[in-house]
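[1] sequence-free structure coming up:
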């Protein structure tokens, strides 16, 4: 897969997991499942941003 597409998908999944975590807190408070969702969201957002930056780095080096 291309880094830009994978990065966008990971960022969307991170946002989705964050939304689920917010809903979980509203329903039952801060529990283990909420922390797990936030951990997964953090990993997805971090890898998504890294892949998007990799795409622009590859694109910039290809121009030179």
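    That came through, no problem. What you see is a predicted model, and the numbers here were worked out from it, not measured in a lab.
[2] could you use CA atoms for every contact and neighbour count after this?
    Fine.
[3] just the element for the residue nearest the centre of the chain, please.
    The centroid of the chain falls nearest to residue 45 when counting by Cα atoms, centre = their mean (2.3 Å). Residue 45 is part of helix 32-63, with elements assigned from DSSP states H and E.
[4] kindly report the same for residue 14.
    helix 3-28.
[5] and the angle from that helix to helix 32-63?
    On the basis of axes from the mean of the first three to the mean of the last three Cα atoms, to 10 degrees, helix 3-28 is oriented at 160 degrees to helix 32-63.
[6] packing partners of helix 3-28?
    Here helix 3-28 touches helix 32-63, going by 3 or more Cα pairs under 8 Å, 6 or more residues apart in numbering; DSSP states H and E.
[7] how about low-confidence regions in this structure?
    Judged by pLDDT under 70, the chain has no weakly predicted residues.
[8] starting at the chain centroid, how far to the helix holding residue 45?
    Averaging C-alpha positions (Cα atoms, centre = their mean, to the nearest Å) puts helix 32-63 5 Å from its chain's average.
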